[in-house]
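>>> Here's a sequence, model it:
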Amino acid sequence: MGRWRDQAVAVGWLVLVWNLLWGEFTLGNLLGGLAIGVGILVFFPLPPVSFGGRLRPGAALRFAARFVGELVSASVHVGWAALRPGPPPRGAIIAVPLRVRTDLNLALTAEVISLVPGTLILEVDRASGTLYVHVLDVRGPQDLLASRKRIRDVERRLVRAVGSPAELRQVSQTEEGEIV
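Below you'll find the model as predicted:
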């Protein structure tokens, strides 16, 4: 039953996007969108994503507020890096192993990180739960450590907002000597 509901919601979103792309809601566009949406889900099925957590509204609001703050801060930082005199900013690629290795956590963390200016997900290794991230304006090893810590903080806040109790324990337990 849950799988059919998820499929129906996906078709609904695809129909909406189809109609928005055409710019008007007509019977033909609705039926065309329905045919396209069903066709996409039949011929290109997505693997089921299990959600074992629960939404915590307070943590979700704190996550959203912090995310908006990071967007503003990162935008100012990238703008300054582009305009400041001197050599152009250097970038680096870092590997960030996540503590919660579910597909949903990998996808959500990767999406949030990609939305922040100055960072871009290059690859996701599902088997090891590792994100490979391009970061901008790296001046030394301390910037690499700070970027890795910032990404793991995003993961922790996401899990606090929508994770299961077991996932919460995973992100809360930091082993001694763990490199963030």
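>>> For the rest of this, base every contact and every neighbour count on C-alpha atoms.
Fine.
>>> mind checking how far the nearest residue to Ala60 once chain neighbours are set aside is from Val72?
Residue nearest to Ala60 in three dimensions, not counting chain neighbours: Ala161, with 4.6 Å by CA to CA, 6 or more residues apart in numbering. Between Ala161 and Val72 the distance is 21 Å, computed by CA to CA, to the nearest Å.
>>> Looking at those two, which one has more neighbours?
Counting neighbours by other CA atoms under 10 Å for Ala161 and for Val72 shows that Ala161 has the greater number, 22 against 13.
>>> Next, the contact list for that one, please.
Counting by CA atoms under 8 Å, 6 or more residues apart in numbering, Ala161 touches 54-60, 63.
>>> Please tell me I have it right and Arg54 contacts Val162.
Yes - the pair Arg54 / Val162 is scored as a contact, 5.2 Å apart, by CA atoms under 8 Å.
>>> Which residue ranges make up the domains of this protein?
Listed by automatic domain parsing, the domain ranges of the chain are 2-43, 57-172.
>>> Give me the three-state assignment for Arg169.
helix (DSSP: H, G, I helix; E, B strand; the rest coil).
>>> On the three-state scheme, Leu122 is what?
Using three-state DSSP, the structure places Leu122 in strand.
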